[in-house]
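Enquirer: Sequence plus predicted model, see below.
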Amino acid sequence: MNRRKALAGSIAVLALLASACTGTGGSSEGADAEAPDDPSEAKGSITVLTHRTDLVQDGTMKRYAAEFNRTYPGVKVEFDALTDYEGEVKIRMNTENYGDVLMIPAVIEKKDYPKFFASLGGEAERDAKYRFTDYSTVDGKVYGQSPVGVVPGFVYNKKVWSEAGVTDWPTTPDEFLDDLKAIKSKTDAVPYYTNFKDMWPLTQWTNVNGSVGCDTSATTKLAEGDPWAEGADLRVADTLLYDIVRGGLAEKDPTTTNWEASKPKLAKGEIATMWLGSWAVVQMRDAAKQAGTDPADIGFMPFPAQKDGAFCAVTSPDYQQAVSVHSDNKAAARAWIDWFTDKSGYAEANLALSPLKDAPLPEVLKPYEEEGVKLLDLDDTKGAEVKSIDNQSEVGIYKPDYRQDLVDLARGARKGSLDDFLGDLTKRWAEARKSLEP
């Protein structure tokens, strides 16, 4: 099975990484990347690994580097843009040569961060200024900083929804389904688009966790309880996805979807709705400009659930930037991370949530602000534990496989009932959690 091959590959990579850590990689464990007191003290050449191949190709990153050099003239910044970022970086990390600054790949377990990355400082100090510090904190030290934050939601074509007679955000999953049915009957648009074939968009549904119950401890509940218990956030999310597909409210053949093609289709009103994140709004608006339609038609709405009359939406970090523990120019690398996070304007340019706690909300989230949507910073103390349970169980809440199976079940390409399907997830999760108990 492909899933088993993928798992075997991940285990092999993890074994290699662990082996690398016991050699020269472990000798620098616990190193700090101190911020330079004087910009003139930061000198040397640094290589920044990035997944933003588009921004390197169009010269945007080069312009960021030029602006950075106004403050830090002694640092030369070079970029290494990787199309298959996760795949390539996890191989490089078997060596000591994985750049000076990089985004922390998902394959590295949180407990191992000190073996690969230099500390950016203490948790209390950084938490006073930045969001998401606990996502990369190990033993009181922070090892990564995301330059942007993401808020989940439905990206939708407001013109299509209006043509279907819907102008208010639905407040329950049943209302949402009724609205999609109205879109199907009154317009020519596909009510909901799964992006099944590209796989990764299906993982976005896990970001519902925390929104239904409006609970900052939602991640802890995943670690300690049943994610698919009656009324639990993931059960609500997965049931809605199932009902959308089961009700014929998604594309006819999910195996033929195309992510890049979906953007102009949503912009032109051929697709009404997709569950993604705030980061996608700017891409859809750009697609609208290219298609000659109105970018203002692109809207963003929260998951259809309320607590005490209010919507909630969780915030989460994008890739966390880190300094390699093997960098010869840690001060220069640290200077880049600090500048890129605080001064570059990267979050604003991407209409993203700033990691700076005192920054205003981006324009795309103004509707959330106006409607009183509560933004939740989840407690990620148990985040590493959740990922261990997830890997052990082979469920894959951060991977697309089980939701592809869920979509297949809903469209009749897989036999069984929804209750049995979710019950199997519950069983596997519980067995994995038990096996990992000390």
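Expert: Looks like it arrived, so ask away.

Enquirer: low pLDDT regions in the chain?
Expert: 1-30 (pLDDT under 70).

Enquirer: Grab the most central residue of it for me.
Expert: residue 318 (5.3 Å; Cα atoms, centre = their mean).

Enquirer: what residues are up against residue 111?
Expert: 138, 384 (Cβ atoms under 8 Å, 6 or more residues apart in numbering). Glycine gets a C-beta too; all of them are placed from N, C-alpha and C.

Enquirer: cool, residue 154 as well?
Expert: 273, 274, 275, 276, 300, 301, 302, 303.

Enquirer: Closest to residue 208 out of those residues?
Expert: Nearest to residue 208 among those is residue 303, at 5.3 Å by Cβ to Cβ.

Enquirer: Got the phi and psi for the residue lying closest to the closest one once chain neighbours are set aside?
Expert: Once flanking residues are discounted, residue 303 sits nearest to residue 211: 4.6 Å by Cβ to Cβ, 6 or more residues apart in numbering. Main-chain dihedrals, residue 211, degrees, to the nearest 10: phi -80, psi -40.

Enquirer: do residue 323 as well
Expert: Per degrees, to the nearest 10, the backbone of residue 323 is at phi -100, psi 130.

Enquirer: wait, it sits on residue 98?
Expert: No: the pair residue 323 / residue 98 is not scored as a contact, 11.1 Å apart, by Cβ atoms under 8 Å.

Enquirer: What is the neighbour count of the residue lying closest to residue 354 once chain neighbours are set aside?
Expert: The shortest distance from residue 354 to any non-neighbouring residue, by Cβ to Cβ, 6+ apart, is to residue 347 (4.3 Å). Using other Cβ atoms under 10 Å, residue 347 has 21 other residues around it.

Enquirer: List the contacts of residue 191.
Expert: Residue 191 touches 180, 181, 183, 184, 244, 249, 250, 272, 273, counting by Cβ under 8 Å, 6+ apart.

Enquirer: Can you give me every residue that contacts the residue nearest to residue 397 when sequence neighbours are not counted?
Expert: Closest residue to residue 397 apart from its sequence neighbours, by Cβ to Cβ, 6+ apart: residue 206 at 4.9 Å. If a contact means Cβ under 8 Å, 6+ apart, then residue 206 has 234, 237, 397, 398 as its contacts.

Enquirer: which one of those is nearest residue 48?
Expert: Distances from residue 48 to the contacts of residue 206, taken by Cβ to Cβ, are shortest for residue 398, at 25.0 Å.

Enquirer: so the closest one, which of the three states?
Expert: What DSSP: H, G, I helix; E, B strand; the rest coil gives for residue 398 is coil.

Enquirer: what about the closest residue to it other than its chain neighbours, helix or strand, and which?
Expert: For residue 398, ignoring the flanking residues on the chain, the nearest one in space by Cβ to Cβ, 6+ apart is residue 203 at 5.8 Å. Counting by DSSP states H and E, the element that carries residue 203 is helix 200-203.

Enquirer: same check, this time on residue 147
Expert: Short version: residue 147 belongs to no helix or strand, going by DSSP H and E.

Enquirer: please begin residue numbering at 420 from this point
Expert: Fine by me, first position is 420 from now on; the one you just mentioned is residue 566.

Enquirer: what residues are up against it?
Expert: 737, 740, 759, 760, 763, 765, 766, 774.

Enquirer: now those in TSV, with secondary structure?
Expert: Formatted as TSV, the contacts of residue 566 follow (three-state DSSP):
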residue	secondary structure
737	coil
740	strand
759	helix
760	helix
763	coil
765	helix
766	helix
774	coil
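
Enquirer: Pull the most distant pair out of those residues.
Expert: Top of the distance list for the contacts of residue 566 (Cβ to Cβ): 737 and 763, 13.8 Å.

Enquirer: For burial, what's the neighbour tally of the residue nearest to residue 722?
Expert: 28.

Enquirer: ok, back up a step: of the contacts of residue 566 - the most surrounded one?
Expert: Busiest of the contacts of residue 566 [other Cβ under 10 Å] is residue 740, holding 26 neighbours.

Enquirer: sorry, back to before: give me the packing partners of the helix holding residue 622, helices and strands only.
Expert: In terms of contact count using 3 or more Cβ pairs under 8 Å, 6 or more residues apart in numbering; DSSP states H and E, helix 619-622 is assigned the packing partners strand 692-696, helix 820-829.

Enquirer: what comes into contact with whatever helix or strand comes next after the last one?
Expert: The first helix or strand that comes after helix 820-829 along the chain, using DSSP H and E, is helix 837-854. Where contact means Cβ under 8 Å, 6+ apart, the residues beyond helix 837-854 that reach it are 642, 645-648, 654, 657-658, 661, 808-809, 811-814, 821, 824-825, 828-829.

Enquirer: what does stretch 793-802 give?
Expert: Here stretch 793-802 has contacts from 529, 550-551, 553-554, 570, 629-630, 633-639, 641-643, 729-735, 772, 784, 787, using Cβ under 8 Å, 6+ apart.

Enquirer: Among these, the buried ones, what's the ChimeraX command?
Expert: Typed into ChimeraX, the line below selects the buried ones among the contacts of stretch 793-802, using 16 or more other Cβ atoms under 10 Å:
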select :529,550,551,553,554,570,629,630,633,634,636,637,638,639,641,642,730,731,732,733,734,735,772,784,787
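
Enquirer: How about the contacts made by the nearest residue to residue 620 once chain neighbours are set aside?
Expert: Spatially, and ignoring its direct neighbours in sequence, residue 620 is nearest to residue 614 (3.7 Å; Cβ to Cβ, 6+ apart). Residue 614 makes contacts with 620, 621, 676, 678, 681, 693, as judged by Cβ under 8 Å, 6+ apart.

Enquirer: Residue 614 - that's part of a helix, no?
Expert: No: counting by three-state DSSP, one finds residue 614 to be coil, located in no helix.

Enquirer: Torsion angles phi and psi at it?
Expert: phi 50, psi 40.

Enquirer: got the contact list for the residue nearest to residue 817?
Expert: Contacts of residue 622 (Cβ under 8 Å, 6+ apart): 816, 817, 818, 819, 822.

Enquirer: hmm, back to that, just confirm the residue nearest to residue 816 is within a strand.
Expert: No: counting by three-state DSSP, residue 625 falls outside a strand, being helix.

Enquirer: Okay, it and residue 483: tell me how far apart.
Expert: In this view, residue 625 and residue 483 are 31 Å apart by Cβ to Cβ, to the nearest Å.

Enquirer: picking that back up, for the helices and strands packed on helix 619-622, give me a markdown table that also has distance to residue 846.
Expert: Shown next, in a markdown table, are these (distance: least, Cβ to Cβ, whole Å):
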| stretch | distance to residue 846 |
| --- | --- |
| strand 692-696 | 26 |
| helix 820-829 | 13 |
